[in-house]
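**Q** Got a predicted model here, sequence first, then my questions.
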Amino acid sequence: MERFIFFVLIFAVVVGLAAPNGHSSQAQLNQQILVDANASASAASGSADETAMSPAYGGETELQRGPGGHFYTAASINGQSLPFVVDTGATSVALTVDAARAAGIYIDPSSFTVVGTGASGATRGTRVTISHLEVAGRTVDNVDAVVLEGLEINLLGQSVLSRFGSIEMKGDRMMLR
């Protein structure tokens, strides 16, 4: 778990450095990621060779490389659409405090404990289970996740990605199958 937290912290620093400076707030960046992810999903679903995706029938979703060289997508937690960075190196899903609250996951930041150690020292947060998550046409129940203090964007990690048949990267595209 400590290794996971270390990778999350390093990734958060990289994302923070890659995020646009200027007058954009994190909320504005998250909203733009949601808009971009939803536009990509709408465009993909309109293509003639796109297969409808469900756990029973398979299919695929294509993601385009976004700001800072990362792959972004929207996922729905308990019916709430939220922006995510696809993080193949993360063990589990990591949520910001605000995202957890928006999705109806009760957390009390005053009860956060040290859940690992990263480059900046102790990382505080809490482990949670997401009852219902939808991403790329797939529904995943009972997802292990962590809510981290100071995290700026949600990370979609292996607790969800491992439930896909395959993940393939080619240039600026990532295919979820």
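**A** Received the coordinates, thanks.
**Q** first to last residue in stretch 97-113, what's the distance?
**A** Distance across stretch 97-113, first residue to last, is 14 Å (CA to CA, to the nearest Å).
**Q** Wait, a strand at Arg101?
**A** No: Arg101 is assigned helix when assessed by DSSP: H, G, I helix; E, B strand; the rest coil, not a strand.
**Q** Does it touch Ile107 like I think?
**A** Yes: if you go by CB atoms under 8 Å, Arg101 and Ile107 touch, sitting 7.0 Å apart. For glycine as for every other residue, the C-beta is placed from the backbone atoms N, C-alpha and C.
**Q** Just give me the longest strand of the protein.
**A** strand 121-135 (DSSP state E).
**Q** That one packs against which elements?
**A** When contacts are defined as 3 or more CB pairs under 8 Å, 6 or more residues apart in numbering; DSSP states H and E, strand 121-135 sits against helix 2-18, strand 72-77, strand 93-95, strand 113-118, strand 138-148.
**Q** Where does the prediction get shaky in the chain?
**A** For the chain, the stretches with pLDDT under 70 are 1-58, 117-118.
**Q** One more pass at 50, please.
**A** 4-33, 35-57 (pLDDT under 50).
**Q** Pull out the buried residues from stretch 84-93.
**A** Buried residues in stretch 84-93, counting neighbours by 16 or more other CB atoms under 10 Å, are found at Phe84, Val85, Val86, Asp87, Ala90, Thr91, Ser92, Val93.
**Q** who's in contact with the first one?
**A** Taking CB atoms under 8 Å, 6 or more residues apart in numbering, we find Phe84 in contact with Tyr72, Thr73, Ala74, Ala75, Val135, Ile153, Asn154, Leu155, Leu156.
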